[in-house]
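A.B. asks: Structural data only, the sequence is not supplied:
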């Protein structure tokens, strides 16, 4: 198996909005505190945690949308943690991100077709306009959209359709590695189910390597083989989905699982008290073990 | 059986262009009961809440129906009388607390204003009551929190402040419109615990609007499944969720991902079912809606 992404003691900081400076570099606030993880080709890994746990920041760092403040990040064994923008350019087409809110990540002034063709013309090897057009239609078909969508603007589409465009755009350049950030959180259950099944199907068909960020463990279960639970910027759990859901090793994971309201009638579910998650003890930094699946 | 806190009969709401939002919805909630309104977006679940509150979008008209609250029809009440009920007897817990709180006013000012204007309290009583309410929704150090601005609070705290404000007037009816969608599961649970404790303490009826069947299963004793502004299934939660009769309810349950079941059981709502339901709705428009 090829290792696609390998992080060692990865640290990510963001400018601290609470302590602003008038001049000079802003204070930095470390969000991700030294994470080790490995992602093999063809794996789908769920990245779970509450808001503020650093899952989105880590996801953005994995595709190098932000520069890590420390540690190592290897892509196919090559160190990319400190590559400059120019050097990253050649790698950008290999790693893609699907964003949470397709309404704000799609340019409202471009038609869907233009949006999709533009990434092909910037990075792709396809030269002629005809080829790009054909590839775009193929992409739309891949995500289950009719050809008519090509000429539509994002505001003319439903939430589910826009999210499909987000997926199509990420797939356009046949990337080796995709990070999907909360892509089903704003959708209805049935649309959510459609998108999840579409992704699962695409994953099998195109042998995608996927990091799926979500706050919803049930959603992760549908799509992923492995789940990594983050608490306050540290990995507290890393293992195969089946094992983690059957017997989580971290109390934090247990708390997250217990807080999911399953659609089984139980009017006493709210009665029992539960330790509020942030008060749970933080474990000593644990080496993210690579679960062989 | 005592008189329901709110009883909606055959409510029909239509947009100016003729599209129907609600196609004859009937719901009754007893005092002290939590009733779940479930459906996908566009099902009209929020519209029911908006009709009760009198905040329908511009152009929407109530075509027929009654909303009985405390023995009176809300629709026949004078504007002032109806307005007097809002915020006191009927209160809303909105979806997005950051949009509903004024970002440039401290919590103190917002809570005191509410109580002075709606409940006619004087300033010092209002302040005491505000602190007491914040304490009841399990906010630590209410004296400190009351002097903060909304952006300084976490999402769960903001939602609890809004719950406190909703219960300020000892309401008989609470309309909770997706109050926990923006929250983490753990926070969601504590907010729901607070909501239920307050509701039981005040004996209020709650219309709990949500798209999450899991929340309904854990919180509501009775429920209504809506689609295209029509009631498809209604009854005690123990029956509707445990033994659904309508195929749509079953499809909705099958499309909800659950961590304790293999993912192969996940099924989106079949296209044919959705199409036939919309066809039924349009047939309804043709025969029932047009005849009025």
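C.D. replies: Thanks, I have it. Remember, it's a predicted structure, so these values are computed and weren't measured experimentally.
A.B. asks: which regions of chain A lie under the pLDDT threshold?
C.D. replies: Chain A contains residues with pLDDT under 70 at A:124-126, A:273-293.
A.B. asks: Show me what from it comes close to chain B.
C.D. replies: A:50-51, A:159, A:188-194, A:196-197, A:200, A:215-223, A:245, A:255-257, A:259-267, A:269-270, A:274, A:276-277 (CB under 8 Å from any CB of the partner chain). Where C-beta positions appear, they are placed from N, C-alpha and C, glycine not excepted.
A.B. asks: of those residues, buried ones?
C.D. replies: A:50, A:159, A:188-194, A:196-197, A:200, A:215-223, A:245, A:255-257, A:259-263, A:265, A:269-270, A:277 (16 or more other CB atoms under 10 Å in any protein chain shown).
A.B. asks: was I right about residue A:206 contacting residue A:172?
C.D. replies: No - if you go by CB atoms under 8 Å, residue A:206 and residue A:172 don't touch, sitting 12.0 Å apart.
A.B. asks: If you count surrounding residues, which of these two has more?
C.D. replies: When neighbours are counted by other CB atoms under 10 Å in any protein chain shown, residue A:206 and residue A:172 differ, and residue A:172 comes out ahead with 25 against 13.
A.B. asks: got a list of what that one touches?
C.D. replies: Applying CB atoms under 8 Å, 6 or more residues apart in numbering or on different chains, we find residue A:172 in contact with A:116, A:119-120, A:124, A:135-136, A:139.
A.B. asks: Need those in TSV (columns: neighbour count and secondary structure).
C.D. replies: Shown next, in TSV, are the contacts of residue A:172 (neighbours: other CB atoms under 10 Å in any protein chain shown; DSSP: H, G, I helix; E, B strand; the rest coil):
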residue	neighbour count	secondary structure
A:116	24	helix
A:119	19	helix
A:120	22	helix
A:124	17	coil
A:135	18	helix
A:136	23	helix
A:139	21	helix
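A.B. asks: which of those residues sit farthest apart?
C.D. replies: A:124 and A:139 (11.4 Å; CB to CB).
A.B. asks: So which bits of the stretch 51-200 of chain B are right by chain A?
C.D. replies: B:155, B:184-190, B:192-193, B:196.
A.B. asks: For the chain, which segments count as helices?
C.D. replies: The chain I'm using is chain A. Assigned by DSSP state H, chain A shows helices spanning A:55-62, A:85-92, A:102-105, A:112-123, A:129-142, A:159-171, A:189-206, A:217-223, A:241-246, A:251-258.
A.B. asks: Not quite, go with chain B.
C.D. replies: Ranges of helices within chain B are B:45-53, B:79-85, B:97-100, B:107-119, B:123-136, B:142-145, B:155-166, B:185-202, B:213-219, B:237-240, B:247-254, B:271-284, based on DSSP H.
A.B. asks: So for residue A:19, which of these sits nearest?
C.D. replies: With CB to CB as the measure, helix B:142-145 is the member of these nearest residue A:19 (20.8 Å).
A.B. asks: Which strands and helices lie in contact with that closest one?
C.D. replies: When contacts are defined as 3 or more CB pairs under 8 Å, 6 or more residues apart in numbering or on different chains; DSSP states H and E, helix B:142-145 sits against helix B:123-136.
A.B. asks: tell me what the helix it packs on is packed against?
C.D. replies: Contacting helix B:123-136 under the criterion 3+ CB pairs under 8 Å, 6+ apart are the following elements: helix B:107-119, helix B:142-145, helix B:155-166, helix B:185-202.
A.B. asks: Next, the angle from that helix to helix B:185-202.
C.D. replies: With axes from the mean of the first three to the mean of the last three CA atoms, to 10 degrees as the criterion, the two stretches helix B:123-136 and helix B:185-202 enclose an angle of 130 degrees.
A.B. asks: contacting residues around residue A:8?
C.D. replies: With contact set as CB under 8 Å, 6+ apart, residue A:8 has these partners: A:36, A:71-74.
A.B. asks: Among those, which one sits closest to residue A:84?
C.D. replies: Of all the contacts of residue A:8, residue A:84 sits closest to residue A:73, with 14.2 Å by CB to CB.
A.B. asks: Name the nearest residue to that closest one, sequence neighbours excluded.
C.D. replies: Take residue A:73 and drop its neighbours on the chain: the residue closest to it by CB to CB, 6 or more residues apart in numbering or on different chains is residue A:81, 4.2 Å away.
A.B. asks: Equivalent analysis for residue B:278, please.
C.D. replies: The shortest distance from residue B:278 to any non-neighbouring residue, by CB to CB, 6+ apart, is to residue B:228 (6.1 Å).
A.B. asks: Spit out the contact partners of the closest residue to residue B:216 other than its chain neighbours.
C.D. replies: Beyond its immediate neighbours in the sequence, the residue positioned closest to residue B:216 (CB to CB, 6+ apart) is residue B:36, lying 3.5 Å away. Residue B:36 makes contact with B:208, B:210, B:215-216, B:219-220, B:222-224, B:237 under the criterion CB under 8 Å, 6+ apart.
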